[in-house]
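> Pasted the sequence and its predicted model underneath.
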Amino acid sequence: MSLQQRVRAHFEASIETKRRTLDAALPVIVAAAEHMATVLKTGGKVLACGNGGSAADAQHFAAELTGRFERERPGLAGIALTTDTSALTAIANDYSYEQVFSKQVQALVRPGDLLLAISTSGNSPSVLKAIEAAHDGGASVIALTGKDGGKMAAQIRSGDFELRAVSGVTARIQETHILFLHCLCDAVDQILFPV
């Protein structure tokens, strides 16, 4: 297979994953966006977490809330739990890596807040613990998953949302997670600041 063929295959696989995911997830994306807008409108905040590429996605999303997505509007309350290296390293050292997000959630979450939990496999122990802490603190959850949803899918409660990328390939899941996040940003902006 030539390099051009390999590149074309990546594009085609990404397009197909997004088509299948759209068919499966469209109503859930809309409902999750409406819920997030309500949380933000009523004074709540969105905490975001994930590991590796999902950590970068959490930071990307929080930046688009606090700054802007595609148009000017007031900043919205978004916090990435992946950026405070002192907290991350202290918690991992003094407790365990599995608690790097849950300890922050316990400290920061209030009833009515929202946790955006990202894991391509749906099985990341640190993210699973963060979901438990969010529920214990009265927060709702939007879980971005892939594959079969993993253990995160089983943690979803009434009032939570799972946005699952329809793929078993990590790269395709990550690409779809970015699209989920951009859809959420756009919808929240449209709901809160209609043009």
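The structure has been received and is ready for your questions. Model, not experiment: these values are computed from the prediction.
> Which residue lies closest in space to residue 180, excluding its sequence neighbours?
residue 163 (4.9 Å; Cβ to Cβ, 6 or more residues apart in numbering). To be clear about C-beta, it is placed using only N, CA and C from the backbone, and glycine gets the same treatment.
> what about the one you found, is that helix, strand or coil?
What DSSP: H, G, I helix; E, B strand; the rest coil gives for residue 163 is strand.
> correct me, but it touches residue 25?
Yes. Between residue 163 and residue 25 there is a contact under Cβ atoms under 8 Å: 5.8 Å.
> When these two are compared, which one has more neighbours?
Taking other Cβ atoms under 10 Å, residue 163 and residue 25 do not tie; residue 163 has more neighbours (24 against 20).
> mind checking how far the nearest residue in space to residue 193 that is not next to it in sequence is from residue 178?
Using Cβ to Cβ, 6+ apart and skipping the chain neighbours, the partner closest in space to residue 193 is residue 73 (4.5 Å). Plainly put, residue 73 is 21 Å away from residue 178 if you go by Cβ to Cβ, to the nearest Å.
> List the beta-bridge partners for the residue nearest to residue 180.
Here residue 163 sits in beta bridges with residue 144, going by DSSP bridges.
> Begin at 20, not 1, for the rest of this chat.
Sure, I'll start numbering at 20, so the last one becomes residue 182.
> what sits against it?
Shown in contact with residue 182 (Cβ atoms under 8 Å, 6 or more residues apart in numbering): 44, 47-48, 51, 161-164, 196, 199.
> can you pull the buried residues of the lengthiest helix in the chain?
Identified as the longest helix of the chain according to DSSP state H is helix 22-60. For helix 22-60, burial by neighbour count (16 or more other Cβ atoms under 10 Å) applies to 33, 36-37, 40, 44, 48, 51-52, 54-59.
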